[in-house]
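>>> no sequence for this one, just the structure:
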């Protein structure tokens, strides 16, 4: 059975207790060392003073004059021991032999002299071993006081005090050590409890192994998904960015910990990443470095406290390209449907005229239809010689007629045959702008004035300028500068759904070294797009494609 690991609180408590015990051991060692130093200082002075007094005693001097007499000295040393409460009192003659001592084993033996030289007749104090025990002793020479031998060494007096053992010192210090232990334990327990509460609050009550597992799962999840993920803290600093997000946003490898200012993130992208807390941003379209990104932002809140935000990113650039291609097929399908509807109405009219016998009227009606078609074809083919753009406008014209909108082509329009790559991009820009204009004009239809859309295409040696104006309500002033960077069409802006028609149009113009702008006129909105064509456009396309995302 797998043993259960201790909790974070238990580990912290055990660690605190170990630290407390180590501190108490260190304090006890210091206390014992201080106690030994105090004992040596205080008791050393006391035994030194007693030894000096005994050495100056006339009885000791008299008894040490040869031949020595130990009878009177024995009584004196016992009296000094009893009155002074010392461990030993010893008197030795000038030769270093013990004459009298409270320790009978030392009598007639050589006195153990201390000091660096251990010579007789020198004063000294310190610890030495006497009879198997450790004593703090003071050795004082006995000097003659007689005139004829003044200052002569007669012997040595040694008084000793037994040094307390380690156990005796611990017993003596046990009272305050227990108090220290109790206070330190209480402080350690309270500190551990407060520390555990703080760590639990910061880790949301998870144990270390749970945090480690969560981190492993997070790494596996974030770096295993195909979408980009970027997280910000309340101070607008990046706390997480997986490899996909770094690629889509063109962020450096070590972007975690840096603020959006340090990463030079501005404009529309910054607005989406820093949306108001509590407001969920859904399917926001952002242009970044030539990519069409779909972003979803969520605010992270825990226990009423905002922890930051998490934003996911998807690259819809290829999908936008496919939508453009599908849009071309859709335009063709709409053209066929509109023509089928128109032909059906015309056939019904011809059938009705035949049934009522108006054969001459049938001829005149067919001639009128043929003349109108030839006039429309002649107008487009004379002014727009590029077949792809001309065919596109034929489809848009039929679609506009079905929606009861007049599609005009300006008399100033002039477009020659284009290179296939140029033709495709010009057709895309024209198609997107005309579609937006038709939608805007259809929304404003129903008034006294008929709905209309006017197209003007001008070409010079190196560029094409496309101007599309409609009779719609125009573009709101607060969106006039942002409509392209937001990446939504006028229809999508009204319906609340984000599109990419104008975003693709701007992307094509910028890639080709051009630009697109929108202004409001008295009749409606006017979109003006310019893009380079020919060899000049080809030579600048790659450079522009790498730098077009400088402004998000």
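Structure received. As the structure is a computational prediction, the values presented were derived from the model and not from experiment.
>>> quick one: residue 408 is in a strand?
Yes: assessed with DSSP: H, G, I helix; E, B strand; the rest coil, residue 408 lies in a strand.
>>> tell me the contacts of the nearest residue to it once chain neighbours are set aside?
With Cβ to Cβ, 6 or more residues apart in numbering as the criterion, residue 408 has its nearest non-adjacent residue at 4.3 Å, and that residue is residue 454. Where C-beta positions appear, they are placed from N, C-alpha and C, glycine not excepted. Residue 454 makes contacts with 408-410, 468-470, as judged by Cβ atoms under 8 Å, 6 or more residues apart in numbering.
>>> Mind checking which of the residues you listed are buried?
Neighbour-count burial (16 or more other Cβ atoms under 10 Å) applied to these gives 409, 468-470.
>>> which residue is nearest the middle of this protein?
Among the residues of the chain, the one closest to the centroid is residue 239, at 3.0 Å (Cα atoms, centre = their mean).
>>> residue contacts, that residue?
Residue 239 neighbours (Cβ under 8 Å, 6+ apart): 231-233, 256-257, 308.
>>> make it 10 Å
By Cβ atoms under 10 Å, 6 or more residues apart in numbering, the contact list for residue 239 reads 230-233, 256-257, 307-310.
>>> In three-state terms, label it for me.
Applying three-state DSSP: residue 239 is strand.
>>> Nearest to residue 209, out of the contacts of residue 454: which one, please.
residue 468 (63.7 Å; Cβ to Cβ).
>>> how close does the residue nearest to the closest one when sequence neighbours are not counted sit to residue 532?
Distances taken as Cβ to Cβ, 6+ apart put residue 433 closest to residue 468, at 4.1 Å, once the chain neighbours are dropped. Noted for residue 433: a distance of 17 Å to residue 532, by Cβ to Cβ, to the nearest Å.
>>> would JSON lines of the contacts of residue 454 with pLDDT and distance to residue 210 be doable?
Output for these, formatted as JSON lines (pLDDT from 0 to 100; distance: Cβ to Cβ, whole Å):
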{"residue": "408", "pLDDT": "86", "distance to residue 210": "69"}
{"residue": "409", "pLDDT": "87", "distance to residue 210": "70"}
{"residue": "410", "pLDDT": "87", "distance to residue 210": "70"}
{"residue": "468", "pLDDT": "93", "distance to residue 210": "60"}
{"residue": "469", "pLDDT": "92", "distance to residue 210": "64"}
{"residue": "470", "pLDDT": "90", "distance to residue 210": "61"}
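>>> Compile those residues into JSON lines and extend it with columns for distance to residue 511.
Compiled in JSON lines, these are given as follows (distance: Cβ to Cβ, whole Å):
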{"residue": "408", "distance to residue 511": "29"}
{"residue": "409", "distance to residue 511": "26"}
{"residue": "410", "distance to residue 511": "26"}
{"residue": "468", "distance to residue 511": "20"}
{"residue": "469", "distance to residue 511": "25"}
{"residue": "470", "distance to residue 511": "26"}
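>>> Looking at those, spot the one nearest residue 293.
Nearest member of those to residue 293, counting by Cβ to Cβ, is residue 468, at 26.6 Å.
>>> ok, the helix or strand that the closest one is a member of: who's next to it in the sheet?
Take DSSP states H and E as the rule and residue 468 turns out to sit in strand 463-470. Paired strands of strand 463-470, with direction, are strand 452-459 (antiparallel), strand 525-532 (antiparallel) (DSSP bridges).
>>> out of the ones you listed, nearest to residue 73?
strand 525-532 (127.3 Å).
>>> Relative to the whole chain's centre, how far out is that closest one?
Distance, stretch centre to chain centre, for strand 525-532: 43 Å (Cα atoms, centre = their mean, to the nearest Å).
>>> for stretch 83-91, same thing?
In terms of Cα atoms, centre = their mean, the centre of stretch 83-91 is found 76 Å from the chain centre.
>>> what do you get for stretch 15-34?
Worked out by Cα atoms, centre = their mean, stretch 15-34 lies 40 Å from the chain centre.
>>> right, and out of the contacts of residue 454, which lies closest to residue 165?
Nearest to residue 165 out of those is residue 468 (Cβ to Cβ; 107.0 Å).
>>> how about the buried ones among the contacts of residue 454 in CSV, adding distance to residue 112?
Formatted as CSV, these follow (distance: Cβ to Cβ, whole Å):
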residue, distance to residue 112
409, 130
468, 120
469, 123
470, 122
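>>> biggest separation within those residues, which pair?
Comparing all pairs in these by Cβ to Cβ, the longest separation belongs to 409 and 470, at 13.9 Å.
>>> Helices of the stretch 151-300 of the chain, start to end?
Ranges of helices in the stretch 151-300 of the chain, per DSSP state H, counting those that start in this stretch, are 166-202, 208-222, 243-249, 267-273.
>>> Would you mark the buried spots in the third one?
Buried residues in helix 243-249, defined by neighbour count with 16+ other Cβ under 10 Å: 244-246, 248-249.
>>> Give me the contact list for it.
In contact with helix 243-249 (Cβ under 10 Å, 6+ apart) are residues 222-223, 225-231, 238, 241, 251-256, 263, 265, 269, 273, 286, 288-289, 291, 293, 295, 311-315, 317, 549, 552.
>>> Produce a ChimeraX select command limited to the buried residues of those residues.
To isolate the buried subset of the contacts of helix 243-249 in ChimeraX, counting by 16+ other Cβ under 10 Å, use the following:
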select :222,228,229,230,231,238,241,251,255,263,265,269,273,286,288,289,291,293,295,311,312,313,314,315,317,549,552
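>>> Return the subset of the contacts of helix 243-249 lying in strands.
Among those, the residues falling in strands (DSSP state E) are 228-231, 238, 241, 286, 288, 291, 293, 295, 311-315.
>>> of all these, which comes closest to residue 416?
Among those, residue 291 lies closest to residue 416 (Cβ to Cβ), at 32.9 Å.
>>> No further questions, thank you.
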